[in-house]
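# Using only what follows, build the 3D model:
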Amino acid sequence: MLFVTLGKMKDRILPTIRSTLNQPPAYFTVHNVFWTLGQYDLVVIYEAKNEIDAMKGCVTWLKSYETQTMVAITNDEAGAITGGADSAGVRTVRPSAGVRTSGVARVVKRSIPEKFQRRM
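Have a look, this model is predicted:
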């Protein structure tokens, strides 16, 4: 299962936080960590076997953060559940041949594991 966790720092000891982020628990796979500006300081995208492992990871690994975790599914999985992307009101727009993607699109594509990427 794929999870997205938003985190807000409880304490501001960056060296401690950085070393913690470099040692994720063995029972889930971290796909990417983003530092953000705004309401949350951190976004973590990771994969765990189930909700229990995800919860254990947040409670132990991200204890320096107040967190909010969401289960994520791919656009294809959502389309299968709702009977197709069009019925869910989701439209996938692909650039035509020869059109360059923006720098943001390249960063997003690099940050998402290949098995979860739609063609951009």
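# buried residues in the host helix or strand of residue 56?
Taking DSSP states H and E as the definition, one finds residue 56 inside helix 51-61. Of the residues in helix 51-61, those buried under the neighbour-count criterion (16 or more other C-beta atoms under 10 Å) are 53, 54, 57, 58, 61. Any C-beta I mention is one placed from the backbone N, CA and C, and that applies to glycine too.
# tell me which helix or strand of the chain sits lowest on mean pLDDT?
Confidence across the helices and strands of the chain bottoms out at helix 103-111, with a mean of 53, counting by mean pLDDT, DSSP states H and E.
# Tell me which residues touch residue 24, please.
Remark: with contacts taken as C-beta atoms under 8 Å, 6 or more residues apart in numbering, residue 24 is in contact with 30, 46, 57, 61.
# Outline the domain layout of this protein.
The record assigns the chain these domain ranges, following automatic domain parsing: 2-72, 75-116.
# ok so, going back, export the contacts of residue 24 to TSV and append columns for pLDDT.
Putting the contacts of residue 24 into TSV (pLDDT from 0 to 100) gives the following:
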residue	pLDDT
30	88
46	92
57	82
61	82
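# Include distance to residue 74 when you put those into TSV, please.
As requested, those are arranged in TSV below (distance: C-beta to C-beta, whole Å):
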residue	distance to residue 74
30	18
46	15
57	21
61	24
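# Out of these, which is nearest to residue 19?
Looking at the contacts of residue 24 and their distance to residue 19, the nearest is residue 61, at 11.7 Å (C-beta to C-beta).
# ok, that closest one touching residue 25?
Yes: with contacts defined as C-beta atoms under 8 Å, residue 61 counts as touching residue 25 at a distance of 5.2 Å.
# burial of the closest residue to residue 10 other than its chain neighbours, as a residue count?
By the measure of C-beta to C-beta, 6 or more residues apart in numbering, the closest residue to residue 10 outside its immediate chain neighbours is residue 64, 5.6 Å from it. A count of neighbours around residue 64, defined by other C-beta atoms under 10 Å, yields 18.
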